[in-house]
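Q: Any chance you could fold what I've pasted below:
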Amino acid sequence: MERCAWAGPEQIYIDYHDTEWGVPERDARALWEKLILDGFQAGLSWITILKKRENFRSAFAGFDPEVIASWGEPEVARLLSDPGIIRHRGKIEATIGNARAYLAIAEQEGFDQFLWKYLDGTPLQNSFATQAEVPPSTDLSTRISKDLRKAGFRFCGPTIVYAFMEACGLVNDHLVTCHRHGPCAAMA
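A: Here you go, the predicted structure:
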């Protein structure tokens with residue numbers, strides 16, 4: 001069975017690739033969680049975040065934005081002392097601010113609607129044969145990044161947003177030789 005070149009060799013990576021990555025995500029809270037985790041991944045490898053994902057969920061109240069939006073310095077201090085997550089003050093503080101921004105968008109139009117409107121609700125289907133063809137960012141990820149920043153989000157640059165788009169199936173970047181390309185395309 002052929003997979004995208006980045007998927008492996010660890011089983012947790014293979015499982016993530018085979019069951020989650022590239023699957024169109026429509027749940028607003030799940031989208032927000034993935035965007036936050038992609039922000040924490042900046043400068044690190046995704047496998048690092050993937051291995052700590054359950055710790056993040058526990059430390060960040062199940063990624064409940066209503067809870068996180070009310071946090072302040074005591075919670076930041078608690079998180080900075082938690083060895084189960086990435087202890088980066090800027091990313092932790094950004095998550096709290098991002099929860100507030102998420103709630104504002106959710107009230108206006110829904111976070112899922114906010115994101116999927118850029119694609120008219122239909123994932124982009126790419127047909128890359130090699131990993132070298134996959135861009136680190138696109139004009140669309142740049143536009144979404146700018147709009148997220150205008151809404152108050154941080155740690156959401158064009159490269160982070162493009163990785164998020166791939167992870168959440170807003171774009172299908174499974175290589176055409178990968179066994180997941182066709183199934184993810186069919187979910188569109």
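
Q: Near residue 132, how many other residues are there?
A: Using other Cβ atoms under 10 Å, residue 132 has 7 neighbouring residues. Where C-beta positions appear, they are placed from N, C-alpha and C, glycine not excepted.

Q: where's it relative to residue 70, distance?
A: Using Cβ to Cβ, to the nearest Å, residue 132 is found at 45 Å from residue 70.

Q: Kindly report the same for residue 23.
A: Counting by Cβ to Cβ - residue 23 and residue 70 are separated by 31 Å.

Q: The two: who's more crowded?
A: Per other Cβ under 10 Å, whichever of residue 23 and residue 70 has more neighbours is residue 23, with 16 against 11.

Q: ok, the more buried one - contacts?
A: By Cβ atoms under 8 Å, 6 or more residues apart in numbering, the contact list for residue 23 reads 168, 169, 184, 187.

Q: Grab the longest helix from this protein for me.
A: helix 89-108 (DSSP state H).

Q: Show the contacting residues for residue 165.
A: By Cβ under 8 Å, 6+ apart, the contact set of residue 165 is 140, 141, 144, 171.

Q: any idea which of the residues you listed is closest to residue 112?
A: residue 144 (13.3 Å; Cβ to Cβ).

Q: ok, how many other residues are close to the closest one?
A: Look at residue 144: counted by other Cβ under 10 Å, it has 23 neighbours.

Q: need the helices for this structure, in chain order.
A: Counting by DSSP H, the helices of the chain are 11-19, 28-41, 46-59, 65-68, 73-80, 89-108, 111-116, 139-150, 158-167, 181-186.
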